[in-house]
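In: The sequence and its predicted three-dimensional model are supplied below.
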2 protein chains.
Amino acid sequence: MARVVVDVMPKEEILDPQGQAIAGALGRLGYAGVSEVRQGKRFELEVDGSVSDADLAKIAEDLLANTVIEGWNVTRVQQS
Amino acid sequence: MARVVVDVMPKEEILDPQGQAIAGALGRLGYAGVSEVRQGKRFELEVDGSVSDADLAKIAEDLLANTVIEGWNVTRVQQS
């Protein structure tokens, strides 16, 4: 089994109101040094040897991310 | 400015119905090799030098994660 991490983040050019709300809250709480926050999703998958990198790309692109507004990144973190 | 990533994931002992729904959908779509999916959040912060590691831990613990059900991890990915 291998652990795979898929990160899904809003694209740079897409407004991220959740992130902006967090950044605003941090400013009010005294953390003026945080200038930008963007919020995305992180998926951790347990996969066996039958799942190829191409499969993982397809899973990320078709199921986990909305590619109109989100980018994704697949990382295999643990191989066994 | 430095880029900081905060990962927030449901704790191991906490049921993750969103992740289970994705795992079920993947099985129906023919990806039987994916045995488990857990869904969490990923935050990307732009911080300046005034934000210490202790500040980041406090931000993650107090604001970004619900520590009753979620664990968090802070990583500085880029230093400049």
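Out: It's in. Residues are numbered from 1 along each chain as shown, chains lettered A, B, ... in the order given.
In: How many neighbouring residues does A:A2 have?
Out: 16 (other Cβ atoms under 10 Å in any protein chain shown). No exception for glycine: its C-beta is placed from N, CA and C like everyone else's.
In: what's the following helix or strand after the strand ranked longest in chain A?
Out: Longest strand of chain A, by residue count under DSSP state E: strand A:34-47. Sequence-wise, the next helix or strand downstream of strand A:34-47 (DSSP states H and E) is helix A:53-59.
In: same for that next one, what does it pack against?
Out: Applying 3 or more Cβ pairs under 8 Å, 6 or more residues apart in numbering or on different chains; DSSP states H and E, one finds that helix A:53-59 makes contact with strand A:2-10, strand A:34-47, strand A:70-78.
In: looking at those strands, which is closest to B:L26?
Out: Closest approach to B:L26 among the helices and strands packed on helix A:53-59 (Cβ to Cβ): strand A:34-47, 8.4 Å.
In: Which elements pack onto that closest one?
Out: strand A:2-10, helix A:17-28, helix A:53-59, strand B:2-10, strand B:34-47.
In: The fourth one vs strand A:2-10, what angle?
Out: With axes from the mean of the first three to the mean of the last three Cα atoms, to 10 degrees as the criterion, the two stretches strand B:2-10 and strand A:2-10 enclose an angle of 120 degrees.
In: which bits of chain A sit near chain B?
Out: A:1, A:7-9, A:19, A:22, A:25-26, A:29, A:31-51, A:55, A:59, A:63-64 (Cβ under 8 Å from any Cβ of the partner chain).
In: Just the buried ones among these, please.
Out: A:7-9, A:19, A:22, A:26, A:31, A:33-34, A:37-47, A:51, A:55, A:59, A:63-64 (16 or more other Cβ atoms under 10 Å in any protein chain shown).
In: Pull the longest strand of chain A out as CSV, backbone CA atoms only.
Out: Provided in CSV are the C-alpha atoms of strand A:34-47 (Å, rounded to 0.1, in the frame of the first residue of the first chain):
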residue,chain,number,x,y,z
VAL,A,34,0.2,37.4,7.4
SER,A,35,-0.5,39.1,4.1
GLU,A,36,-2.3,36.4,2.2
VAL,A,37,-4.2,33.2,2.9
ARG,A,38,-5.6,30.8,0.3
GLN,A,39,-7.7,27.8,1.3
GLY,A,40,-7.8,24.6,-0.6
LYS,A,41,-8.3,20.9,0.0
ARG,A,42,-6.0,18.0,0.9
PHE,A,43,-6.9,14.4,0.2
GLU,A,44,-5.0,11.4,1.5
LEU,A,45,-5.5,8.2,-0.4
GLU,A,46,-4.4,4.7,0.4
VAL,A,47,-3.7,2.9,-2.9
